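Q: build me a model:
(4 chains)
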4 protein chains.
Amino acid sequence: MSPARFGLSAPGAPSPTAPAWRTTHWFNLPSGRSTLELSELRGRVVVLHTFQMLCPGCVLHGLPQAQRIAAAFAPEHVAVVGLHTVFEHHAAMTPVSLAAFLHEYRIHFPVGVDACSEGGPARDAIPQTMRLYSLQGTPSLVLIDRAGRVRRSGFGAEEDLTLGAAIATLAAESFHHERDAATGPPAATGRPAD
Amino acid sequence: MSPARFGLSAPGAPSPTAPAWRTTHWFNLPSGRSTLELSELRGRVVVLHTFQMLCPGCVLHGLPQAQRIAAAFAPEHVAVVGLHTVFEHHAAMTPVSLAAFLHEYRIHFPVGVDACSEGGPARDAIPQTMRLYSLQGTPSLVLIDRAGRVRRSGFGAEEDLTLGAAIATLAAESFHHERDAATGPPAATGRPAD
Amino acid sequence: MSPARFGLSAPGAPSPTAPAWRTTHWFNLPSGRSTLELSELRGRVVVLHTFQMLCPGCVLHGLPQAQRIAAAFAPEHVAVVGLHTVFEHHAAMTPVSLAAFLHEYRIHFPVGVDACSEGGPARDAIPQTMRLYSLQGTPSLVLIDRAGRVRRSGFGAEEDLTLGAAIATLAAESFHHERDAATGPPAATGRPAD
Amino acid sequence: MSPARFGLSAPGAPSPTAPAWRTTHWFNLPSGRSTLELSELRGRVVVLHTFQMLCPGCVLHGLPQAQRIAAAFAPEHVAVVGLHTVFEHHAAMTPVSLAAFLHEYRIHFPVGVDACSEGGPARDAIPQTMRLYSLQGTPSLVLIDRAGRVRRSGFGAEEDLTLGAAIATLAAESFHHERDAATGPPAATGRPAD
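A: Numbering: from 1, shown residues only, chains lettered A, B, ... in the order given. This next block holds a predicted model:
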């Protein structure tokens, strides 16, 4: 079936390489880790869920859906990563508040805090990674394939059925096949059998 | 029908007088007002909804229900009042954060901030009004009759149908009748026809 | 509070007397009973829920709400009665099918089958009681007060909160007061304390 | 990713060939067609949804989900087919009643009526196709791959996310590859590009 059915660009079509993330804090990383780089996840499908902790659409729809994705797919094949892209009410959504929020809502996947624009929020409210990915607001969902390319990016509510199909379609793509089309060898990440 | 059916104490039974609220901030008051006293609402039914802004049960169930109550009943007969009773994650749920929360969730009824215990949160996390009303957690809902008496107090999720019946039962009670049973004259509050 | 807030006509206003029901079958009656007359319910609030078993709005919203009403209110004060008002697909919604439907959906309150128009469904699809009450379709909900008067009649989805308030408002009205305004003494129905 | 994650048997594992359907009526077929054979759908993934029109779990969960599947996937790759497997209340769920039900619930995918057991429902209530597929009740969902093999069969409620992933995983399997493993050439069914 054409991946376009699920909002995906075709495997052979030119797709933008997903930019590296610019973050200042991380939560829910394994003990001993203080940061998570997108390049470490090469070989896996990455579901990047961007949100703000005081955004009702994120709390009611986006984050519960991201939790369902994390439960449904094998983590060695599909990595769910949250990104806190604060572009309003900066004083109300500090890392201290976010830590309490993640605790109360029982969010266990890794969550990074997007870096403020270089002049700080006073100069430009849109944080750096949000700008690099050209996201329109929160919640946004970005699907990155095993070769590190953005294959789908959307703003707002998504249907579970279509989203499950889109992620499984990317998960079914051969990484070796994709690697040939990409510019270099993958990072050495373990991908044990499911 | 017996009010007990909806969890209410009977009109003639001895019910505790609702304690005055101890608050440090208020939001959503009419212009020029900086505080709201329970005694000002004598003659109306008061629906007191206590919550914490990072409590999932409050955000998903309690607060949307309080908003529906505020929309369903005439404000000159039924006053919906929120109380932010923070007993955990104090640094994450400051008035600055609460202001952003109320804005994002479009909560328009008055909301007070419960006063910390006198030794401060480090000594005792339960704030003063929450302690005076013997509440067990958030969300809690307290129904106060036209004469200022606590007629029902509950913790957790409530059914809309039963709650609508309970509030309407209190609203149908004659205040003049109740006043005779109470200890003094009501405050002069207007109660225009609906 | 004004009953108008909940869609009710005022207690003192002229309200139409609820017509007697014209039915051909009954389900869920007590053992030994084969019919239920509205006049037997004088002194109680009657919640008349009209539906068709193949109407999606009835199955998804109306009937579950009627079941919640039957569970929330004391039956000696509030009687919930269903009426199967078939006005389309007559061959598909016979009493045999309805019996299986009520069993599968665990509907336990009394349900009558509205009588076809005198010429039969071929002449006029709208059954007799539906026509007498001037109902627009299914689901419809009719609230009848303790004195047997129609105080509210609505077509389509209703909010639980407002509906609970409307029924409780009628339940709080004194029947003795109402009886004086009505034309005769009530039937001798037991109304034990809740 | 291992298909087992979504409840699927592996592509290379021995899977039972899906039995031909035994039906007595069909609804929602293209004009001029009176029957639909599973063999005609070789080359497509088939989502077989079995239900009874008076089964609450089917009406509230199973059928709406089948409608979402039919809307989400391209019909030339994924065929959604309903099967009315009546095993109780036979007199209440005749084809006449089913026709009205499909009309009212706006179900537009093809629906067959499972054939009664050869002795008739009096002898054995379980209809023939339901027995051939060893289904436990309604709703049941059977996923059949492009080569005509049963790859998943489940009874009861399913999560949209996992189900979307399972169907997309089957849709991503190469039919030509599968054909080699199967016992014969596919029927000549058109599979235009999505």
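
Q: for the rest of this, base every contact and every neighbour count on C-alpha atoms.
A: Will do.

Q: residue contacts, the spatially most central residue of chain A?
A: Computing the C-alpha centroid of chain A and ranking residues by C-alpha atoms, centre = their mean puts A:Leu48 first, at 0.9 Å. A:Leu48 makes contact with A:Val80, A:Val81, A:Gly82, A:Leu83, A:Leu141, A:Val142, A:Leu143, A:Ile144, according to C-alpha atoms under 8 Å, 6 or more residues apart in numbering or on different chains.

Q: swap the cut-off to 7 Å and go again
A: A:Val80, A:Val81, A:Gly82, A:Leu141, A:Val142, A:Leu143 (C-alpha atoms under 7 Å, 6 or more residues apart in numbering or on different chains).

Q: excluding chain neighbours, what is closest to the third one?
A: Distances taken as C-alpha to C-alpha, 6 or more residues apart in numbering or on different chains place A:Val111 nearest to A:Gly82, at 4.3 Å, with adjacent residues excluded.

Q: that neighbour and chain C: what is the separation?
A: According to C-alpha to the nearest C-alpha, to the nearest Å, A:Val111 stands 39 Å off from chain C.

Q: residues contacting that residue?
A: Here A:Val111 is in contact with A:Trp26, A:Phe27, A:Asn28, A:Val81, A:Gly82, A:Leu83 (C-alpha under 7 Å, 6+ apart).

Q: let's verify the fifth one: helix, strand, or coil?
A: Secondary structure state of A:Gly82, per DSSP: H, G, I helix; E, B strand; the rest coil, is strand.

Q: quick check: bridge partners of it?
A: Going by DSSP bridges, A:Gly82 is paired in beta bridges with A:His49, A:Val111.

Q: neighbours of it, how many?
A: A:Gly82 sits with 23 neighbouring residues when counted by other C-alpha atoms under 10 Å in any protein chain shown.

Q: that one reaches A:Gly112, doesn't it?
A: Yes. Look at A:Gly82 against A:Gly112 with C-alpha atoms under 7 Å: they come within range, at 6.2 Å.

Q: anything in the longest helix along chain A near chain D?
A: Under DSSP state H, the helix in chain A containing the largest number of residues is helix A:160-172. Yes. Using C-alpha under 7 Å from any C-alpha of the partner chain, helix A:160-172 reaches chain D at A:Asp160, A:Leu161, A:Thr162, A:Leu163, A:Gly164, A:Ala165, A:Ala168, A:Thr169, A:Ala171, A:Ala172.

Q: ok, of the residues you listed, which one's closest to D:Asp124?
A: Lowest distance from D:Asp124 to the residues of helix A:160-172 next to chain D (C-alpha to C-alpha) belongs to A:Leu161, with 36.9 Å.

Q: quick one, grab the pLDDT at the closest one.
A: Note on A:Leu161: pLDDT of 97.

Q: now do the helices in chain A.
A: A:56-57, A:63-72, A:95-104, A:128-132, A:160-172, A:175-181.

Q: count of neighbours near A:Arg33?
A: 10.

Q: against chain B, how distant is it?
A: For A:Arg33, the distance to chain B - C-alpha to the nearest C-alpha - is 24 Å.

Q: quick one: that residue from A:Phe27, how far?
A: Per C-alpha to C-alpha, to the nearest Å, A:Arg33 is found 10 Å from A:Phe27.

Q: again, but for A:Val46
A: A:Val46 is 17 Å from A:Phe27, by C-alpha to C-alpha.

Q: now swap in A:Ser153 and tell me
A: Where A:Phe27 is concerned, A:Ser153 sits at a distance of 23 Å (C-alpha to C-alpha).

Q: mind checking which of those two has more residues around it?
A: The neighbour comparison of A:Ser153 against A:Phe27 (other C-alpha under 10 Å) goes to A:Phe27, with 21 against 16.

Q: what's the closest non-adjacent residue to that one?
A: Counting by C-alpha to C-alpha, 6+ apart, the residue nearest A:Phe27 is A:Val111, at 5.2 Å.

Q: model confidence for the one you found, exactly?
A: A:Val111 is given a pLDDT of 98.

Q: what's near enough to touch the nearest residue to A:Trp21 once chain neighbours are set aside?
A: Ranked by C-alpha to C-alpha, 6+ apart and with sequence neighbours excluded, the top spatial neighbour of A:Trp21 is A:Thr129, at 5.8 Å. Applying C-alpha under 7 Å, 6+ apart to A:Thr129 gives the contacts A:Trp21, A:Arg22, A:Asp114.

Q: about what we covered before: need the max-distance pair from the residues of helix A:160-172 next to chain D.
A: A:Asp160 and A:Ala172 (18.0 Å).

Q: gap between A:Leu98 and B:Asp145?
A: For A:Leu98 relative to B:Asp145 (C-alpha to C-alpha), the value is 39 Å.

Q: look at those two and report which has more neighbours.
A: B:Asp145 (29 against 21).

Q: got the contact list for the closest residue to that one other than its chain neighbours?
A: In this structure, B:Asp145 finds its nearest non-sequential neighbour in B:Val45, 4.8 Å apart by C-alpha to C-alpha, 6+ apart. By C-alpha under 7 Å, 6+ apart, B:Val45 lies in contact with B:His77, B:Val78, B:Ala79, B:Ile144, B:Asp145, B:Arg146, B:Leu170, B:Ala171.

Q: need these in a markdown table (columns: pLDDT).
A: Output for the contacts of B:Val45, formatted as a markdown table (pLDDT from 0 to 100):
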| residue | pLDDT |
| --- | --- |
| B:His77 | 96 |
| B:Val78 | 98 |
| B:Ala79 | 98 |
| B:Ile144 | 98 |
| B:Asp145 | 97 |
| B:Arg146 | 96 |
| B:Leu170 | 96 |
| B:Ala171 | 95 |
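
Q: ok, these vs chain A, which is closest?
A: Nearest to chain A, judged by C-alpha to the nearest C-alpha, of the contacts of B:Val45 is B:Ala79 at 24.9 Å.

Q: residue numbers of chain A in contact with chain B?
A: A:Leu54, A:Cys55, A:Pro56, A:His89, A:Ala92, A:Val96, A:Ser97, A:Ala100, A:Phe101, A:Glu104, A:Tyr105.

Q: measure the nearest residue in space to the second one that is not next to it in sequence to A:Val45 for me?
A: By that I understand A:Cys55. Leaving aside its sequence neighbours, A:Cys55 sits nearest to B:Glu104 (C-alpha to C-alpha, 6+ apart; 6.6 Å). To A:Val45, B:Glu104 is 32 Å away according to C-alpha to C-alpha.

Q: what's the answer for A:Gly156, then?
A: A:Gly156 is 21 Å from A:Val45, by C-alpha to C-alpha.
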